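Engineer: Fold the stuff below for me.
(one chain, ligands or ions: 2)
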Amino acid sequence: MDQELHTFDFSELRTSVLNDENGGDFNLSQRLVTTMNTEGFVVLRNTGLDESMIMQAFFWGEALFKLDDITKKYFQHGPSPLPHRGYSAIGQERSGGNAFNHKESYDLGPKHDDLYPNLWPPETTLQGFRSFMEEFFDKLYSVQVSLLGVLEDGIKVPRGTFCSMHSKAQNELRLLHYPDVKTGILRDPRKAVRFGDHTDFGTITILFQDPAGGLEFQSTTSAWQEVLSGPTDAVVMFGDTFQRWTNGKLRAGPHRVRAPSQAGDFTGERYAIAYFCKANRDQSVGVLPEFKSYTEESKYANIKAEEYNQTRMQGLY
Ligand SMILES: O=C(O)CCC(=O)C(=O)O
Ligand SMILES: [Fe+2]
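Structural biologist: Numbering: from 1, shown residues only. Ligands and ions are numbered 1, 2, ... in the order given. Okay, the predicted model is just below:
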């Protein structure tokens, strides 16, 4: 499929939909929802985020992953299935089965989270990292709120329906680094991958990738296709929670990171940034009444977002 068909100008969507109290360009917001559902993703240009801020976030990612292993241990993710917090070393997280994951990552949650506090690198080592990430997290939340508004229109539910279920911003921001690796090592995806086939378990994911390539999505026809996006373009997908809320009427986008198709014997390093939007912890991730008729069976159990998140985490650590 032509990559341009996946690409939306978010400033256009936002002004056409959100500024119009009586509903805006439904065709555009519906097309966004349909593309996310069938193709597994969309690419959003002009999200309203300052482009230099996104580039700075990549810069901080590079600086963090360049730290030595002893320093990284200081803020390392524990072995227990907490929500994602802190540094996960190469191979520590298992995504998409049991294959060895050639990636390292760093995760953080909201600023004031007494239940699951963030694990920060020492300020003396990465001065300014924490304040930048806290601000970036908040800026991403503003994009999320606008995006949920567009989705509410596209899915035809009253405005505020999805936003109210995300009011606590209990989201996760993740920096990812895929080190250089011999292409041959990734040849058998049952043994080793960059990031194996999976769906994210939150509601929506907003992702930025550097030009190294290799991110692929599976469409409803089962075909996998590589996403070509610039570093300040947001790749957006539904996660499992949206699939659950809508009783499967909307589909979480299956994705993975492979060695880029053009790669030779050696696959260069790759950086990405993911913002996982999550429902408030006390919110149910069972089927919402507006997406199910009386005669239809619920495909998904009525459990709280926090319990669902922890259960899914158990499969990863
Ligand atoms: O690195 C990427 O582009 C994808 C990362 C991803 O899928 C994830 O962290 O869930
Ligand atoms: Fe993912």
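
Engineer: if I look at Ala57, how far off is ligand 1?
Structural biologist: 14 Å (Cβ to the nearest ligand atom, to the nearest Å). (C-beta placed from N, C-alpha, C; glycine too.)

Engineer: Run a quick neighbour tally on that residue.
Structural biologist: 21 (other Cβ atoms under 10 Å).

Engineer: And Trp120, by the same measure?
Structural biologist: Trp120 is flanked by 18 other residues according to other Cβ under 10 Å.

Engineer: Kindly report the same for the one 4 residues further on.
Structural biologist: Here the neighbour count serves as a burial measure; for Thr124 (other Cβ under 10 Å) it reads 6.

Engineer: mind starting the numbering at 29 from now?
Structural biologist: That works, and once the first residue is 29, the last one we named lands at Thr152.

Engineer: Phi, psi for it please.
Structural biologist: phi -70, psi -20 (degrees, to the nearest 10).

Engineer: Show the contacting residues for it.
Structural biologist: Applying Cβ atoms under 8 Å, 6 or more residues apart in numbering, we find Thr152 in contact with no residue.

Engineer: so how far is Thr99 from it?
Structural biologist: Using Cβ to Cβ, to the nearest Å, we find Thr152 at a distance of 10 Å from Thr99.

Engineer: which one is Tyr299 nearest to, not counting chain neighbours?
Structural biologist: Counting by Cβ to Cβ, 6 or more residues apart in numbering, Asp238 is the residue found nearest to Tyr299 once chain neighbours are left out, at 4.6 Å.

Engineer: could you point out where the stretch 229-345 of the chain is predicted with low confidence?
Structural biologist: Along the stretch 229-345 of the chain, the parts satisfying pLDDT under 70 run over 289-291, 345.

Engineer: What segments of it are strands?
Structural biologist: Remark: strands assigned in the stretch 229-345 of the chain by DSSP state E, counting those that start in this stretch are 232-237, 243-246, 252-254, 262-266, 283-285, 294-295, 298-305.

Engineer: how about those, which one is nearest ligand 1?
Structural biologist: For ligand 1, the closest of the strands of the stretch 229-345 of the chain is strand 298-305, at 3.4 Å, according to Cβ to the nearest ligand atom.

Engineer: Residue numbers of the stretch 129-278 of the chain in contact with ligand 1?
Structural biologist: Arg202, Leu204, Phe223, Asp228, Leu235, Gln237, Leu243 (Cβ under 6 Å from any ligand atom).

Engineer: export these to a markdown table and tack on distance to Ile213 and neighbour count?
Structural biologist: Formatted as a markdown table, these follow (distance: Cβ to Cβ, whole Å; neighbours: other Cβ atoms under 10 Å):
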| residue | distance to Ile213 | neighbour count |
| --- | --- | --- |
| Arg202 | 23 | 18 |
| Leu204 | 18 | 23 |
| Phe223 | 14 | 24 |
| Asp228 | 25 | 24 |
| Leu235 | 24 | 23 |
| Gln237 | 21 | 24 |
| Leu243 | 19 | 23 |
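
Engineer: Could you tell me how many residues sit around the residue lying closest to Leu316 once chain neighbours are set aside?
Structural biologist: Spatial nearest neighbour of Leu316, excluding adjacent residues (Cβ to Cβ, 6+ apart): Trp273 at 4.8 Å. By the criterion of other Cβ under 10 Å, Trp273 has 27 neighbours.
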